[in-house]
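J.: Got a predicted model here, sequence first, then my questions.
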Amino acid sequence: MKLYIKYMVSLRCKMLVKEELKKIGIDCVSVSLGMVEIKDDITEEQLKIFSRNLKKSGLELLDDKRNILVEKIKSVIIEMIHYEDEVPKVNDSDYISEKLGYDYTYLSNTFSEVKGITIQQYIIMHKIERVKELLLYDELTLTEIAYKLHYSSIAHLSNQFKKVTGLTPTYFKELKGKREKNLEDL
């Protein structure tokens, strides 16, 4: 049996879900972003307890098919951008469609209706968050970051970054240095 969980986006969330299932005596087969597979059926009472405990931690058990599909789409995107060493070289639409086994138009329409933004806007938001993260680590140049995330050029990455954050990537990186200096003065 599979259960789908909203806002489950990190390894910490996965550990929390495992712990909550263990507390109510349920063994899980696997836990991935947004989904947990359990061995046996779960009783209504166990489901209520599990749902209530998840809510205390900011997670939410899903039961609506459209919301479940949207969470699957979000999980694929988050995994693709944040947890894979390199973003796949195929089109985002082909990658998502192939991973979920649905026509991209159907996925796109469902996502837009439920979330109020397009899949592409969601991908851009996550790419920019990933760029911020990589800039703060200061291990890669902007050129390497653009290549890693499959931007056509540094200019394309910079324009998108500025449109989303209001800052250039270079200025964003400089702010980190200024914050560190200010902390040292305390």
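T.: Now that the structure is in, tell me what you want to look at.

J.: List the contacts of residue 24.
T.: For residue 24, the contact set (Cβ atoms under 8 Å, 6 or more residues apart in numbering) comprises 46, 49, 50. In short, each C-beta sits where N, CA and C put it, glycine included.

J.: Any figure for the gap between the residue nearest to residue 35 when sequence neighbours are not counted and residue 121?
T.: Nearest non-adjacent residue to residue 35, counting by Cβ to Cβ, 6 or more residues apart in numbering: residue 4, 5.4 Å away. According to Cβ to Cβ, to the nearest Å, residue 4 stands 23 Å off from residue 121.

J.: same deal with residue 3?
T.: Per Cβ to Cβ, residue 3 is found 28 Å from residue 121.

J.: quick revisit: okay, residue 4 and residue 121: which has more neighbours?
T.: Between residue 4 and residue 121, counted using other Cβ atoms under 10 Å, residue 4 has the larger neighbour count: 21 against 14.

J.: Surely that one and residue 61 touch.
T.: Yes - between residue 4 and residue 61 there is a contact under Cβ atoms under 8 Å: 7.5 Å.

J.: contacting residues for the residue most central in space within the chain?
T.: Taking Cα atoms, centre = their mean as the criterion, residue 78 is the residue nearest the geometric centre of the chain, at 2.9 Å. Residues in contact with residue 78 (Cβ under 8 Å, 6+ apart) are 9, 33, 126.

J.: any idea which of the residues you listed has the most stuff around it?
T.: In terms of neighbour count, residue 33 stands highest of these at 20 neighbours, by other Cβ under 10 Å.

J.: Spit out the contact partners of that one.
T.: Contact partners of residue 33, counting by Cβ under 8 Å, 6+ apart, are 8, 9, 10, 13, 14, 75, 78, 79.

J.: with the contacts of residue 24 in mind, which one is nearest to residue 20?
T.: Of all the contacts of residue 24, residue 20 sits closest to residue 50, with 5.9 Å by Cβ to Cβ.

J.: Would you agree the closest one falls within a helix?
T.: Yes - counting by DSSP: H, G, I helix; E, B strand; the rest coil, residue 50 is part of a helix.

J.: okay, now it: neighbour count?
T.: Counted with other Cβ under 10 Å, residue 50 comes out at 22.

J.: ok, now residue 54?
T.: Applying other Cβ under 10 Å, we find 21 other residues in the vicinity of residue 54.
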